[in-house]
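Asker: Need coordinates for the following:
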Amino acid sequence: MSLRPLHDHILVTLLDEGEQTRGGIVIPDSAKEKPQQAEVKAVGNGKLTENGERAAPDVKAGDRILFGKFSGSEIKIDGVEYLILREDEILGVLE
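Answerer: Numbering: from 1, shown residues only. Okay, the predicted model is just below:
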């Protein structure tokens with residue numbers, strides 16, 4: 001099954017940030033924070049502006065993005081976890 005987001009929504013998969021801190025301490029799963037980096041899988045057509053035109057999204061499939069901790073809606077499709085964000089919830093693109 002595939003999913004095509006609508007309007008200014010973006011479908012992403014969370015990127016694993018690793019299990020160790022810089023000091024080498026292993027963090028258990030129960031104490032890990034939600035990752036804030038993701039890879040864009042699919043992008044909607046863009047936001048509809050007041051004059052009726054579509055504003056093209058600033059991100060595209062394959063981009064690595066940074067977003068806020070409590071952003072988006074978690075979904076599960078065919079056993080895979082995804083996050084759907086609005087374009088304005090994205091803080092930046094990692095290059």
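
Asker: can we go C-alpha only for contacts and neighbour counts from here?
Answerer: Will do.

Asker: Which pLDDT value does the model give Leu94?
Answerer: pLDDT recorded at Leu94 is 87.

Asker: Now Leu3, what are its backbone angles?
Answerer: Reported as degrees, to the nearest 10, the phi and psi values for Leu3 are phi -130, psi 130.

Asker: Also Val93?
Answerer: Torsion angles, degrees, to the nearest 10, at Val93: phi -110, psi 130.

Asker: Centroid-nearest residue for the chain?
Answerer: Val12 (3.9 Å; Cα atoms, centre = their mean).

Asker: what's the nearest residue to that one if we skip its chain neighbours?
Answerer: Val40 (4.4 Å; Cα to Cα, 6 or more residues apart in numbering).

Asker: The one you found in helix, strand or coil?
Answerer: Following DSSP: H, G, I helix; E, B strand; the rest coil, the label given to Val40 is strand.

Asker: Can you tell me how far Ile77 is from Ser2?
Answerer: 9 Å (Cα to Cα, to the nearest Å).

Asker: Overlap in contacts, these two.
Answerer: Shared contacts of Ile77 and Ser2 (Cα atoms under 8 Å, 6 or more residues apart in numbering): none.

Asker: Comparing the two, which residue is more hemmed in?
Answerer: Neighbour count, other Cα atoms under 10 Å: between Ile77 and Ser2, Ile77 has more, with 10 against 7.

Asker: still on that earlier bit, let me know the helix or strand that the residue nearest to the centre of the chain is in.
Answerer: Val12 belongs to strand 9-14 when assigned by DSSP states H and E.

Asker: One more: Leu91?
Answerer: Per DSSP H and E: strand 90-94 holds Leu91.

Asker: Okay, buried residues for that strand please.
Answerer: Under the neighbour-count criterion of 16 or more other Cα atoms under 10 Å, strand 90-94 has Ile90 buried.

Asker: quick revisit: which strands or helices does the strand holding Val12 pack on?
Answerer: If you count contacts as 3 or more Cα pairs under 8 Å, 6 or more residues apart in numbering; DSSP states H and E, strand 9-14 packs onto strand 37-43, strand 80-86.
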